[in-house]
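S.K.: A structural model of the following input is requested.
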Amino acid sequence: MSEAGRGPELPIGIVTVSDRASRGLYADRGGPAIAAYLARVLVTPWRPERRLVPDERPLIAEVLRELADDLRCPLVLVTGGTGPAPRDVTPEATADVCERLLPGFGEAMRAASLTEVPTAILSRQVAGTRGTTLIVDLPGKPSAIATCLDAIFAAVPYCIDLIGGPRLDTDPSVCKAFRPAA
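M.R.: This is a model prediction of the structure:
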């Protein structure tokens, strides 16, 4: 995360959606995987705003609104609840709160995952914007989280620029963020 003296830390939302983890029956592995990825890729000072919620559409939407509207997170990454099972409602909750959907994110994540596992076509990740916040749904499995973030993260900082959010810089040796030449 941030080193002392490098400026204020940007809040980044990390939301785990899991019935079992929210009841303490299962260890949350998705949230820590996202935090580890961000710690490796971002050089901008940041701090995690972690949330753990059950697979309940209204609760997921409420947490996403809190992170975007109240805490002003420029980025919210959500793990879990993106499959085809009846309780998998994360994409619906994300769509409920987003003002604009960005289908390219989901398409890129599924394409990258498909090179590793044929069941990637079952994943329903979506992404969109709410104000100056980019919200991205990710799968729940830590290795799949890394695959998906590797597929999209070069576009994340510029997307946040375009919607009026704060500048996020990456470590170019890990992920070279795309920004058009000035």
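
S.K.: please enumerate the strands of the chain.
M.R.: For the chain, the strands defined by DSSP state E cover 10-17, 46-53, 75-79, 100-101, 127-130, 133-138.

S.K.: out of those strands, which comes closest to Asp171?
M.R.: Among the strands of the chain, strand 46-53 comes nearest to Asp171, with 12.7 Å by Cβ to Cβ. Every residue, glycine included, has its C-beta placed from N, CA and C.

S.K.: mind giving me the packing neighbours of that closest one?
M.R.: On a contact count with 3 or more Cβ pairs under 8 Å, 6 or more residues apart in numbering; DSSP states H and E, strand 46-53 meets strand 10-17, helix 19-22, helix 30-41, helix 57-65.

S.K.: any idea which helix or strand of this structure has the worst average confidence?
M.R.: helix 19-22 (a mean of 91; mean pLDDT, DSSP states H and E).

S.K.: can I have that one written out in PDB, keeping just the CAs?
M.R.: Extracted C-alpha coordinates of helix 19-22, given in PDB (Å, rounded to 0.1, in the frame of the first residue of the first chain):
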ATOM      1  CA  ASP A  19     -22.900 -16.500   1.800                       C
ATOM      2  CA  ARG A  20     -20.400 -18.900   3.500                       C
ATOM      3  CA  ALA A  21     -17.700 -16.400   4.100                       C
ATOM      4  CA  SER A  22     -20.100 -13.900   5.500                       C
END
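
S.K.: mind listing what's buried in it?
M.R.: Buried residues in helix 19-22, counted by 16 or more other Cβ atoms under 10 Å: 21-22.

S.K.: show me how far it is from its chain's centre.
M.R.: Mean-position distance between helix 19-22 and its chain equals 19 Å (Cα atoms, centre = their mean, to the nearest Å).

S.K.: over to stretch 90-105?
M.R.: Worked out by Cα atoms, centre = their mean, stretch 90-105 lies 12 Å from the chain centre.
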